[in-house]
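[1] no sequence for this one, just the structure:
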C-alpha cells in the first residue's frame, strides 16, 4: 500500500489525546544479513489510531516515526510460549505475513488486544451497520433506501415486463453554477420518490455522470411504475450533485427541486422546467423534464396468410424519412409512445431489470431504447431432464453387461469393472439431479459458484440481454436479443490439457495394449450406432401399428396399405443393419466364456460371487420392482448390502423404475372390450392408453381378464424385455431375422385381406438364406416352434375363387397361408385379428434388440481398460459442457418463439434450412482459458446433432417448457409453440429442424496479449477459419432459399437484391478478416454478429463468467445497432456506449454475481483492451472474476 510520507509522519506526531492507545511494545523484525537472515526484537514506542499502528524509532515517546502497520484483513493469535518472559501475540494477515508483538505483562497485553480489536475496520464496520439499522428503525425509513431493495422487501424482485409506466421522463440542466475556480461541475441527477403509505423517501433512479458541463443533457431516462406504489399524488425530488471522485462515488449536493407526479402528467406541452435550489434557497440552475406517455401497441397481426412465402414483408428503403423535432425544441402535444408486447416473456424469464435511454439521431430525432436483462427459468430445469436421459442410458448399459451372465476369468473381472464405472456415473448423475432440483433462490447460477460441482450441469450467469429500439424519424422499431452465458466448460475439472478438443484427440491416438483390442473401439461404435438405429426404427414401426389399430377400430381400410409399405421398408432396413460376422463373433464369445454351472472346486471367493449374483438377481424377472432414488458409491460394491436397495433418496422421480421386470408385457393399445371399464366404440385409443399408463407396471401380462397389448410408450421407452437375462440362451441370429420376416409378412397379409385384396400373396423381405447355426444347438422348444412357424411363410397352392354372384371362376390364383379360413363378413372386430400378429412382430423386434445389446456388451468388456476409463471421464465432462450449451440454446429459441411477435421469415428459415446459431467467445488462448475454449468448441459442435420439433400448445405457464426426448445419439427437443404459429409454418414441411452452430473466439484482455506475443493462438485462428467455412456454406443455402422468395414485384426484387449484396459484402469482409494476421482481431466478432442478424440467426456471447468482458461486448453491439440501423449521431456513439456500460443493466449483473456494481478489471487490464471494449472510468476495480 502506498502512503503520502509527509502526511503520515504528521499524523504519527499528533498529540496523545488524538490516539486510542500508546505505549512500549516489543516488535520482532527480520534482519537481512549477507550470509543469513535473522530475527531480532526491539522495544519501540507505539501509537494506535483507528486501524493504524504507528511505531517509533526508539522506545522514547517523542522519537522519530519509523513505520506503520495497517490492521486490515488480519486476525490475532495469542502466543503461549512466553519467550524471554514476555507475553506476546501474532498479527496474522490474509496474505500469509505474520507480525510478532509482545509486552512485559499479561495485563498490558490484554489491554492492547482489546484496543486493536475495538478499533479494527471489521469491528467499526459492524458497529456502523448496527447503528444504521437502529437509526432506520427510529426514523422508520432509510434516506438512502434503493428501489431494488425496496422491491425485494415488498416481494417484487423485478419489474413486470407487461406493465406500462405512468410516464417516462428525460432530464437536462442549464446554467449550473461553477465552483470558486470557475470549473463547471461534473454533474449527476438523483431522483427520490416519496411513498406516502410507508412514509419513506425512496432512492428511485439516477442519471449518468456528465463531465464538466454547466448545461448537461442526460441520456438515461426514468420511468415511474405503478407497481412501486406510485400514483398522481406521489412527490418527486430531483437532486443535482457534483461528483468529486468517480471510484468511491463521493459527491457534493448542488441543489434540488420538488414537485408532484400529477404536475408532470398534466403539463402542457409535455415539458416541465423548474428551479434547482440549494440548501440556503439559492438558485443554482434549472432542470428541464420532457415527459412521454406510453400505450400498448396493438399486438394482433392482420395477416391471415398461411404460408411464409406470402406473408414475408420487408421494409421499403425508398421511404423518405420525415424530420422530427429534437429535445432542444418543444415536443409535440400529448405525444404517446407505443410500446410493443414482450410476448409471453413472463412465463420463460424472471427477475427482469430495465434501463431506458433517449439518444439523438443524425437527423435530429430521438432514438428510444429500452434495455432489458432477465434470468431464464430453464437454467436448472432443462439440465435435470438431460440428467434423466443420461441416467437411463447408464441403466441400460449396466443392464446390458449384467444380462451377459457370469463369465470365466479374466472376463469376469472386466465385467465387474464395467459395472463399477456405470455405478459411479449413475451416482454422479443422480446426485447432480438432486442438487439442481433442491436449488432454491434465483433462476441463474452466479459466477461466484462456477467451481461448485453440485451445479456444474447448469450454465453460468445465463441471461437474456434485449433492447427494444424505436426511431420515429425512420419509422422503424425492433427487438434485438443476445443470450449471455459463461463459457461452456467444466470449471471443477481443472486439467490444463487443452480441454475436450485435446482429450478427444489424445484418446483417438492412444495405442491399445492388447492385440485383440485394436479394432474394438470401432466395433463398439458400430454396435452402439446399430442399437440406436434399431430403437429408432422400432419406434417408427410401432407408431405405424398404432395408426393401423386406430384405423382398424373404425374399420377404415383407406390409408392402411401405405402404412404397410412403410413398415415393410423399415423392417428391410432393420434386417440389413447388422454385419452378421460381428454378431456371430459375439455369440461365439458368450458360448465359450459364459459360466453355466459352477462346481465346488471351481467356486471363486464368496465376495466375488456374491457381487455378481446380487446384480444378476436384482435384474432378473423374479426381482421385486422398487422405486429408486440414489446410487451407492463404487467403493461399497463388495458389501453384503443389496446393491439396488441403496437407491433411496427423496425427490428423484420415484415413479420411474430403474430395472423393470424382464417378463413385463409391453402394452401398446388396450382391448376395446375391457372388463374393468366399458368403452364406447368411438372412444379415443390415446386417452385409453393414458388412463392405463399409471397401472401398467406390476400388472400380470397374461391375466385373461385384463389382457392389454402393445403399449407404444412403454415399448419405446422402457428397457424391460429388451435384454437377455443372465440365464437366457441367446437366440441364433438367422432365427431372429426369420422371425421378423415372418411377423411382417403375416401382419401385411392380414391388412391386405381387410383391404379387400384377399388373394394377395405374402410379401418377402429378403431371399432365403441357409441358417448357419444348426437346429441341434437350439435348446428351447419355443425356438423350434418359431422355426416351424417361419417355415409356413411361403405362398402355397392354388385355389378356385367364387365371385359375388355365385359364379365359379376356374382361373387359378395364388393363395396365402396367413389368410386361409378367414371370412371377411364374419369379422366384427378387426383389432382382435391384428393384435396377435402385432404382438409377434413386437417380440421379434425385441429379440433383435436383445441380440444387438448382447453384441455391444461383449465388445465393451473386451475394450482396453485405460482407454475405457479415459473415455468414461471424457464422456462425463462432455455431458457437463453439452448440458450448459443446450440449455442456453433452448433459451434462445424459446425467446424467438414466445417473447416477441412472430417473424414469418424466421419461421420459413427455421423449417427449411434451420437457424444459424452464432456463439461469440472472448476467451484468451492462455492458461486456464485454453481448457475453457477447448470445452466450448466441442459443446457448440455437439449442438448440431440435436433435433428440434415444434409442438402446438396452449398459452399457460405450465405447458410452454420444452421437453427432452430420445437418447444421447438421437436426442430431440420438443419445443412448445403457440397454436397460431402453425398457420404460418408450411404444411408440407416437416416441423423438425436442426441448427447450424458456429463459434468465433477472440481474446481481448491482457492474457490474450501474452498469448499473441508468444505466438500460441494458432489453434484459435484455425478454428475461426473452420467456422467461417461452415458459415459460408450456410450463407449459400440461405441465398438459395431467399432466391425462391423473390416475387415479380420490382420493389421487392430491389430489396432482396440490396440485402443479398450487403450480406455478400459482409461475407467477403469476414473471409479476409479471419485470414488476416491482426492483433486482437475483434472485427471478426463484429462482422459475424452482423451476418447472424441479417440471416435471422440467434446470438450468444460468452466469456469466462459472462459478466465483465461480455458486458463490454454486448453494449458495443447495441451501440453498433443504434448507429448502423437507427442513425445514431456519430458524436453520440461513445457517449451512448459509456452510458449503457455505466448505468445499464450490465452493472446490475455484476452486483447479482459478486455483490458489487463494478466490473472486475484493474487499470492495467483496461489499458490492454481494444479501445471500444474499455469500460468508463469509475465503473471497474480489482474484484472477483
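    Noted; the coordinates are in hand. All of these numbers come straight from a predicted model, not from anything done at the bench. Numbers count the residues shown, from 1 in each chain.

[2] Kindly list the single helix or strand of the protein that scores lowest on mean pLDDT.
    Every helix and strand of the chain was ranked by mean pLDDT, DSSP states H and E. The lowest is strand 667-670, at a mean of 26.

[3] What backbone torsions are found at residue 81?
    Dihedral angles of residue 81 (phi, psi; degrees, to the nearest 10) stand at phi -80, psi -20.

[4] Can you get me a residue count around it?
    The tally of other residues near residue 81 (other CB atoms under 10 Å) stands at 7. Any C-beta I mention is one placed from the backbone N, CA and C, and that applies to glycine too.

[5] Then the one 5 residues further on?
    Residues within reach of residue 86, counting by other CB under 10 Å, total 18.

[6] do the same with residue 168
    As a burial measure, the neighbour count of residue 168 was computed by other CB under 10 Å and equals 20.

[7] Next up, the contacts around it.
    When the contact criterion is CB atoms under 8 Å, 6 or more residues apart in numbering, the partners of residue 168 are 221-224, 291-294, 337, 356.

[8] what about the most centrally placed residue in the chain, distance to residue 382?
    With distances taken as CA atoms, centre = their mean, residue 887 lies nearest the centre of the chain, 2.3 Å away. From residue 887 across to residue 382, the span is 5 Å (CB to CB, to the nearest Å).

[9] start to end distance for stretch 1136-1152?
    Using CA to CA, to the nearest Å, the gap from the first to the last residue of stretch 1136-1152 comes to 23 Å.

[10] number of nearby residues for residue 1024?
    The criterion is other CB under 10 Å. On that basis, residue 1024 has 24 neighbouring residues.

[11] Phi, psi for it please.
    Here the main-chain torsion angles of residue 1024 (degrees, to the nearest 10) amount to phi -60, psi -40.

[12] I'd say it and residue 1083 touch.
    No. Taking CB atoms under 8 Å as the contact criterion, residue 1024 and residue 1083 are not neighbours in contact, 11.5 Å apart.

[13] Can you check which residues contact both of these two?
    Any residue near both residue 1024 and residue 1083 by CB under 8 Å, 6+ apart counts here, and not one turns up.

[14] what about the helix or strand containing residue 253, distance to the chain center?
    Under the assignment given by DSSP states H and E, the secondary-structure element containing residue 253 is strand 250-260. On the basis of CA atoms, centre = their mean, to the nearest Å, the separation between the geometric centre of strand 250-260 and that of its chain is 45 Å.

[15] quick one: average pLDDT of it?
    Per-residue pLDDT over strand 250-260 has a mean of 91.

[16] what do you get for stretch 442-449?
    When pLDDT is averaged over stretch 442-449, the result is 91.

[17] Can you get me the start-to-end distance on it?
    Using CA to CA, the end-to-end distance of stretch 442-449 comes out at 13 Å.

[18] low-confidence ranges in the stretch 501-650 of the chain?
    Screening the stretch 501-650 of the chain residue by residue with the criterion pLDDT under 70, one finds the ranges 512-518, 597-650.

[19] I'd guess residue 148 is in a helix, am I close?
    Yes. Secondary structure of residue 148 (DSSP: H, G, I helix; E, B strand; the rest coil): part of a helix.

[20] I figured the residue nearest to the centre of the chain hits residue 377, correct?
    No. The pair residue 887 / residue 377 is not scored as a contact, 10.8 Å apart, by CB under 8 Å.

[21] what about the helix or strand encompassing residue 287, distance to the chain center?
    Remark: residue 287 resides in strand 283-296, with elements defined by DSSP H and E. Distance of strand 283-296 from its chain centroid, counting by CA atoms, centre = their mean, is 41 Å.

[22] by contact count, what packs against that strand?
    In this structure, strand 283-296 makes packing contacts with strand 167-174, strand 235-245, strand 250-260, helix 261-266, strand 271-277, strand 336-339, judged by 3 or more CB pairs under 8 Å, 6 or more residues apart in numbering; DSSP states H and E.

[23] Can you give me the buried ones in the fourth one?
    Neighbour counts using 16 or more other CB atoms under 10 Å place 261, 264 of helix 261-266 among the buried residues.

[24] and if you look at the first one?
    Within strand 167-174, the residues that count as buried by 16+ other CB under 10 Å are 167-173.

[25] cool, and the shortest one?
    Within strand 336-339, the residues that qualify as buried are residue 339, counting by 16+ other CB under 10 Å.

[26] Please apply the same query to the fifth one.
    Residues of strand 271-277 classed as buried under the neighbour-count rule (16+ other CB under 10 Å) are 272, 276-277.

[27] Need the contact partners of the strand holding residue 253.
    176-177, 185, 187-188, 232-244, 272, 274-279, 282-285, 287.

[28] So residue 99, which state does it fall into?
    When the structure is split into helix, strand and coil by three-state DSSP, residue 99 lands in strand.

[29] Now do the contacts for it.
    27-28, 69, 90-91, 93.

[30] if we go to 10 Å?
    Neighbour list for residue 99: 27-29, 53, 69, 71, 74, 89-93 [criterion: CB atoms under 10 Å, 6 or more residues apart in numbering].

[31] Who are the contact partners of the spatially closest residue to residue 555 that is not a sequence neighbour?
    Counting by CB to CB, 6 or more residues apart in numbering, residue 830 is the residue found nearest to residue 555 once chain neighbours are left out, at 5.8 Å. Residue 830 is in contact with 548-549, 551-557, 560, 750-751, 754, counting by CB under 10 Å, 6+ apart.

[32] hey, what's residue 210 bridged with?
    In this structure, residue 210 bridges to residue 187 when assessed by DSSP bridges.
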